[in-house]
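Visitor: What shape does this take:
(chains A and B)
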Protein chains: 2
Amino acid sequence: MFDFTATYTDQYQITMSQVYFHRGMKNETAIFDYFFRKTPFGGGFVVFSGLEDLLETVQKLKFDDKDLKLLRDEGMDDEFLDYLETFRFTGTVRSAREGDLVFPNRPVVSVEAPIIEAQLMETLLLNTLNYQSLIATKAARMKLSAGDRTLVDFGLRRAPGTGGYSASRAAVIGGFDATSNVRSGRDYNIPISGTMAHSFVQRYDDELSAFRDFAAIRPHDCVLLVDTYDTIKSGVPNAIKVGKEMEKEGHKMKGIRLDSGDLAWLAKKSRAMLDEAGLGYVKIAASNQLDEHVIKSLLEQGAPIDFFGVGTSLVTGRPDAALDGVYKLSYANGEPRLKLSESVEKINLPDRKQVYRMLNEDGTLFGAEAVALQSENAPDHMYHPSEPGASMDLSGLQKEPLLSEVMKDGERLTQPKSLQEIREFSQGQVGKLPDEYKRFENPHIYKVGLSKKLKEVRDGLISDHKSRI
Amino acid sequence: MFDFTATYTDQYQITMSQVYFHRGMKNETAIFDYFFRKTPFGGGFVVFSGLEDLLETVQKLKFDDKDLKLLRDEGMDDEFLDYLETFRFTGTVRSAREGDLVFPNRPVVSVEAPIIEAQLMETLLLNTLNYQSLIATKAARMKLSAGDRTLVDFGLRRAPGTGGYSASRAAVIGGFDATSNVRSGRDYNIPISGTMAHSFVQRYDDELSAFRDFAAIRPHDCVLLVDTYDTIKSGVPNAIKVGKEMEKEGHKMKGIRLDSGDLAWLAKKSRAMLDEAGLGYVKIAASNQLDEHVIKSLLEQGAPIDFFGVGTSLVTGRPDAALDGVYKLSYANGEPRLKLSESVEKINLPDRKQVYRMLNEDGTLFGAEAVALQSENAPDHMYHPSEPGASMDLSGLQKEPLLSEVMKDGERLTQPKSLQEIREFSQGQVGKLPDEYKRFENPHIYKVGLSKKLKEVRDGLISDHKSRI
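Guide: All right, here's what the predicted structure looks like:
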């Protein structure tokens, strides 16, 4: 859908690259880690999303003629422009699996590449992964509330511009079943779903004629919107009339949709009316300002809703509206690197690293991950990143390395995964996460610690920098 | 940047169109109004944005081969697919001027077209206008706080996916001066701006060498990031050293950037150090979790900041993260139309309409707008849309009609406006709005009322529908 070019980035990536280029550093290896510091929505986990899109884009990334002309106009010199003209990403990407659950302050993706290349892809990486992971996480929370009811993305009209295109994808990874967004459905192979709008009913002089026309032309996919005039006095009785008429033609009405008013009360009342009329098979869909909390509340009240259409809250990921993911340099010029900060917690982890997940014997998540140097074995002990003295014994626990190479020398190593495959994997992982981490109020904090060696490298660099200030 | 096709829409637009098509209504004229019900951010106004992008896209909108194949697979019939293959938007669009200030519950855009065409463009219209107006409004609030300081969009990395592309555009309309987003800068002709990242400083063994290299290669555009190790003890002293060295080469350092810590205190301290060193011309840029409230507070504290880089809050428009704009049918099958609702306030305004703005003698905004039927003259009296008995005399006030034709028979009537032109118009309008509507806390509510005739049409339709339930 997009012609991403390499100017889909922040200007400073290009100006810094110009300096590296003229200082002879263009082939110098650098490592950058992508991680975030805070789970959104006050929740206990993040669903990692966006990787397939990112890899596909990075593999094709280049500066086109318009880009080069612009940069020339901006004063970039010829020699550097010649380099940019041939620019391709030739690095290595190590990553968590898309759809996996990820936690704060540990690498989710690690990019090892000539420093200019790693820098030039930073903004694209952050833009893609931050947003899709935010939306997949929001979707997964709604899925926790909705259980086996159907969840459909209705968000395009309130989506942040074309961001809505990838929101529909991320929603599926988080557990959504379908989207109303036809173009995303087409390109990402997502089931497409839709009902009718108020305007359709308004077009007719009476509601019943509108319902009849819709049923006549779309008898196999007939969901009637019943709140244009009065849900209980008009919408549901007219839907029942049409449902009975459809039966005579050998068809079955699929459902009705409630889009305003007290959804719990209206759903119960409508269900009773439909059942009374012998239309027990007609489903009830609900929409209107839903989020994970409203869906949970509706179902706790016993609202017989089969299908939730979610728009604004899903595609904006509000109230947070952003995942705070960052991309920090951890290795350059042959040495591990870090940036100081007022709090130790905000200091990045230097060097080439691996992350190990601790598993219980039955394969469920133990609730701890250790970050270690890539050169060491899985650690049997980990240390709190900022609390002095706090540590945890990991011996006897099964340990799963989480970062694996997905791109080498700029080429993908893995076959692209289908969205359904990623969704299934993700839902499986959510199933392995204990409930304490999934609750909405003050969830358990997933422990992330450092190996002894990594802690020593980091603390040594901190002392070193501080001694020089 | 995008290959928008006509499937960039909600599925129900297509299924409803299929019914209209087979019921012989495809050439029937319908009118839909775009409006919103609530100003975001608790503010007193919205900056209308997105129109030029929308018109450009609508003019080219069609179903491509992949779209048609998908719809065939989804079970659409041949006759309807033949129609879709030739689909173009041939309608009329009447609109407020892009960049103008708009208020709740009055039409901002009105689309008059064959009902299928009006329906098929709904989602694209909402997606474009809702997001860009949200961002332009957020930007305008920041501009109110920042006054004549420079505002730069740093948002792409935290933007909602590719939504960041148009966010940079909308930010300029709201009053921003530049963007770090190179691709948006290129395509929308926005000044591009950038400094350096922490990674650049980290790449070097010491901060001073990093600063020197940057100054050597980019002497005309040198803004140094001073908080990688310690702003006051290391960053600013090193920047001063390099600034003095640059003077010897005949160059002037442009600025330093603060990106963490207490920005007010650090700005004052840095300013004093720079001035002391004779570098009074070096500007101070600040970034890190800024929004309109933080910028206001910084300047109230007397922080000598010249340049604000704003990211997440700008491009997400949080906390609201969405403008609640809707697109409602107001006329079809030769008759005005409305949808009932539990509250009169939420009932749409039927029929073909014009909006009149009341102006004071000096051209400033009086604080009232009247919605009238297009067929009547500018009204001299207006009625509250829901409070019985409340009305306002408008005689003697200058009245400006706000909706004008921008597209007819699917062709644009106006020359595309440049972004700078729209920004200037918008800033001029903000200047004409009294302060009470611009304050952040409980702003004055801009009055929107109905002409007597429009109120009669609406109330008649309400009675009529209620009598039939």
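
Visitor: and the residue of the stretch 1-150 of chain A nearest chain B?
Guide: Nearest residue of the stretch 1-150 of chain A to chain B: A:Q11, at 3.1 Å (Cβ to the nearest Cβ). All C-beta atoms are positioned from the backbone trio N, CA, C, and that covers glycine.

Visitor: next one: phi and psi at that residue?
Guide: For A:Q11, the backbone dihedrals (degrees, to the nearest 10) come out as phi -60, psi -40.

Visitor: pretty sure it contacts B:M196?
Guide: No. Look at A:Q11 against B:M196 with Cβ atoms under 8 Å: they stay out of range, at 10.4 Å.

Visitor: element containing A:Y331?
Guide: Assigned by DSSP states H and E, A:Y331 falls within strand A:326-332.

Visitor: C-terminal to that strand, which secondary structure element comes first?
Guide: Following strand A:326-332 toward the C-terminus (DSSP H and E): strand A:335-336.

Visitor: sorry, back to before: give me the helices and strands touching the strand holding A:Y331, please.
Guide: strand A:29-35, strand A:109-114, helix A:122-146, helix B:198-203 (3 or more Cβ pairs under 8 Å, 6 or more residues apart in numbering or on different chains; DSSP states H and E).

Visitor: Using TSV, please lay out those together with mean pLDDT and mean neighbour count.
Guide: Formatted as TSV, those follow (pLDDT from 0 to 100; neighbours: other Cβ atoms under 10 Å in any protein chain shown):
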stretch	mean pLDDT	mean neighbour count
strand A:29-35	98	24
strand A:109-114	98	22
helix A:122-146	98	27
helix B:198-203	96	26
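
Visitor: what's the angle between the strand holding A:Y331 and strand A:29-35?
Guide: Angle of strand A:326-332 versus strand A:29-35, following axes from the mean of the first three to the mean of the last three Cα atoms, to 10 degrees, is 150 degrees.

Visitor: what pairs with strand A:326-332, and is each one parallel or antiparallel?
Guide: Using DSSP bridges, the neighbouring strands of strand A:326-332 in the sheet come out as strand A:29-35 (antiparallel), strand A:335-336 (antiparallel).

Visitor: Nearest to B:Y281, out of those?
Guide: Nearest to B:Y281 among those is strand A:29-35 (33.9 Å), distances taken as Cβ to Cβ.

Visitor: ok, and what's touching that closest one?
Guide: A:104-115, A:118-119, A:122, A:125-126, A:129, A:325-332, A:348-349, A:351-353, B:199, B:203 (Cβ atoms under 8 Å, 6 or more residues apart in numbering or on different chains).

Visitor: what helices or strands is whichever helix or strand comes after that strand leaning on?
Guide: Under the assignment DSSP H and E, the closest C-terminal helix or strand after strand A:29-35 is strand A:46-47. Applying 3+ Cβ pairs under 8 Å, 6+ apart, we find strand A:46-47 packed against strand A:101-102, helix A:122-146.

Visitor: how about the residues of the stretch 351-469 of chain A near chain B?
Guide: A:465, A:468-469 (Cβ under 8 Å from any Cβ of the partner chain).

Visitor: who wins for neighbours among those residues?
Guide: In terms of neighbours by other Cβ atoms under 10 Å in any protein chain shown, those top out with A:H465 at 20 neighbours.

Visitor: For it, which three-state class applies?
Guide: helix (DSSP: H, G, I helix; E, B strand; the rest coil).

Visitor: Tell me the pLDDT of it.
Guide: The model reports A:H465 with a pLDDT of 89.

Visitor: same question, A:S341
Guide: 84.

Visitor: Could you give the number of residues near it?
Guide: 17.

Visitor: how near is it to A:L454?
Guide: 17 Å (Cβ to Cβ, to the nearest Å).

Visitor: Alpha carbons of the longest strand belonging to chain A, in CSV - could you do that?
Guide: Under DSSP state E, the strand in chain A containing the largest number of residues is strand A:365-373. Presented in CSV, the C-alpha positions along strand A:365-373 are these (Å, rounded to 0.1, in the frame of the first residue of the first chain):
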residue,chain,number,x,y,z
LEU,A,365,5.8,-19.0,31.8
PHE,A,366,7.5,-18.8,35.1
GLY,A,367,7.5,-15.0,35.2
ALA,A,368,11.2,-14.2,34.8
GLU,A,369,13.6,-13.5,32.0
ALA,A,370,17.3,-13.0,32.2
VAL,A,371,19.4,-10.9,29.9
ALA,A,372,22.9,-12.2,29.4
LEU,A,373,25.9,-11.6,27.1
